[in-house]
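**Student:** whatever this is, show me its structure:
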Amino acid sequence: MPLVIGNAAYPHTLLRNPINDATDMADTLRRFGFEVTLLRDADKPAMERAVEDFTKGSRGGVSGSSSSRAMAPRSMAKTT
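**Tutor:** Below you'll find the model as predicted:
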């Protein structure tokens, strides 16, 4: 199950794209049949819980990408 986190609301600035990027990534993964966990503007404890839950259920490794920190199985990760 992919975990996608998009955080835009930081104490000193508001980023424009992370929420939209994370939502788009989650929607794309859902179209491929994944059950996605999507967090928006999560605080540190919420992210830690989500990552812990994600790693407990993860099989075959994970890969992270970009500012939205989208995580998916390696078979879905773009390689460069």
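**Student:** T37 contacts L3, doesn't it?
**Tutor:** Yes - the criterion here is CB atoms under 8 Å, and T37 meets it with L3 at 4.8 Å. (Glycine included, C-beta is placed from N, CA and C.)
**Student:** looking at these two, which is more packed in?
**Tutor:** Taking neighbours as other CB atoms under 10 Å, T37 and L3 compare with L3 leading, 23 against 16.
**Student:** who are the packing partners of the helix or strand M47 falls within?
**Tutor:** M47 belongs to helix 44-57 when assigned by DSSP states H and E. Contact analysis of helix 44-57 by 3 or more CB pairs under 8 Å, 6 or more residues apart in numbering; DSSP states H and E lists strand 3-6, strand 37-40 as its packing neighbours.
**Student:** using PDB, list the CA coordinates for the last one.
**Tutor:** By that I understand strand 37-40. Provided in PDB are the C-alpha atoms of strand 37-40 (Å, rounded to 0.1, in the frame of the first residue of the first chain):
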ATOM      1  CA  THR A  37      -2.800   6.300   2.200                       C
ATOM      2  CA  LEU A  38      -2.700  10.100   1.600                       C
ATOM      3  CA  LEU A  39      -1.700  12.600   4.300                       C
ATOM      4  CA  ARG A  40      -2.000  16.300   3.700                       C
END
